[in-house]
Structures are given as C-alpha cells and as structure tokens.
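# Coordinates only, no sequence provided:
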C-alpha cells in the first residue's frame with residue numbers, strides 16, 4: 001500500500017516534468033525549423049508520412065489529430081513545396097496515397113539530426129549508466145502507454 005501511495009503522490013510531479021521536457025524539445029524544434037521552408041504542423045505530418053508510408057489523408061488526419069479539411073490544406077502546402085506527392089492507390093484508384101519526396105525526407109533527416117544534437121548536448125553530463133537507465137525507463141513508459149491506448 002505504501003508503494004502505491006508513494007507512486008500516486010509522484011504522478012503530478014512526473015506529469016509536470018514530462019510536459020516541461022516535451023515543451024523544451026518542441027521549442028528547440030521550432031528554432032531549428034525557422035531555417036527550413038516548413039511549419040511545425042507540416043513537420044509533424046511529414047514525419048508521419050515518412051514513418052508510416054503511403055498514408056491516405058484520412059489516415060494522416062487521424063494520426064495528427066487534425067480535421068480532414070485542415071489535413072488536406074496541410075498536404076496541399078507540402079505538395080506545393082515539393083515535399084510530398086499524391087499517388088493513386090494501385091489496388092483502388094479511388095484511394096489517394098501521400099508519399100514523401102526526396103526534398104521532404106532530407107528536411108526531416110536534417111531537422112531530426114539537429115534535434116538529436118540538442119538532446120546530446122543536454123545529456124552530456126549524464127553518465128553512460130544514467131543514460132541507459134533513462135532509456136530503459138522511457139521505453140517501459142512508452143510501452144505501457146501504448147498498451148493502454150490500444151485497449
């Protein structure tokens with residue numbers, strides 16, 4: 001019972017820390033994105049397009065949590081900037097898939113490398129053991145969150 005009480009009293013502080021960490025990473029990402037012809041929402045969408053391969057606008061809309069019409073506008077801008085293109089599905093010509101273009105993949109790769117450099121700089125004072133423990137705990141946390149979300 002004591003363990004449960006101790007854990008539950010930590011939850012508000014843990015949630016706050018994770019929110020602050022997420023915010024710091026996003027701020028760093030926004031600073032990096034200022035050097036690229038892409039907005040934060042476009043960056044997030046492009047990451048999903050690259051990671052998931054051949055998404056429809058509806059699928060992308062669900063992934064990024066935006067309305068279908070907003071996602072369509074976002075994809076229009078990505079396409080206009082030469083970052084993605086729309087392709088008819090080979091099995092069902094009514095379905096349109098979004099595929100990344102080389103320019104879009106290059107931007108994502110560069111921005112992620114710079115975000116990783118930022119994280120590396122932040123973690124310079126961590127010992128290898130601390131970094132490993134943090135990685136293990138974050139993996140466990142993500143797995144548990146994913147499990148709960150898939151219920």
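That came through, no problem. Every value quoted in this text rests on a predicted model; they were computed, and no experiment measured them. Numbers count the residues shown, from 1 in each chain.
# In terms of helices and strands, where is residue 147?
Secondary structure assigned from DSSP states H and E places residue 147 in helix 128-149.
# Now do that helix, average pLDDT.
Averaging pLDDT along helix 128-149 yields 95.
# quick check, residue 69 in a helix?
Yes. Judged by DSSP: H, G, I helix; E, B strand; the rest coil, residue 69 forms part of a helix.
# ok, residues contacting stretch 9-25?
The contact list for stretch 9-25 (C-beta atoms under 8 Å, 6 or more residues apart in numbering) reads 115, 118-119. The C-beta positions use only the backbone N, C-alpha and C, and glycine is treated the same way.
# could you redo those as CSV and give each row pLDDT and distance to residue 37?
Rendered in CSV, the data for the contacts of stretch 9-25 read as follows (pLDDT from 0 to 100; distance: C-beta to C-beta, whole Å):
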residue, pLDDT, distance to residue 37
115, 90, 18
118, 92, 21
119, 93, 24
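# and the next element down the chain from the helix of greatest length in the chain?
Ranked by number of residues, the top helix in the chain under DSSP state H is helix 2-33. Using DSSP H and E, the next helix or strand after helix 2-33 towards the C-terminus is helix 40-52.
# helices and strands around that following helix, which ones?
helix 2-33, helix 57-64, helix 68-80, strand 96-100, helix 102-122 (3 or more C-beta pairs under 8 Å, 6 or more residues apart in numbering; DSSP states H and E).
# Now render the ones you listed as a markdown table, adding distance to residue 143 and mean neighbour count.
What follows is those, written out as a markdown table (distance: least, C-beta to C-beta, whole Å; neighbours: other C-beta atoms under 10 Å):
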| stretch | distance to residue 143 | mean neighbour count |
| --- | --- | --- |
| helix 2-33 | 15 | 11 |
| helix 57-64 | 19 | 18 |
| helix 68-80 | 28 | 16 |
| strand 96-100 | 27 | 18 |
| helix 102-122 | 20 | 14 |
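# Quick check, pLDDT for residue 5.
Reported pLDDT for residue 5: 55.
# Repeat that for the one 10 residues further on.
Among the per-residue scores, residue 15 holds a pLDDT of 93.
# which stretches of the protein aren't confidently modelled?
Applying pLDDT under 70 to the chain picks out residues 1-6.
# Find the centremost residue of it, please.
residue 44 (5.6 Å; C-alpha atoms, centre = their mean).
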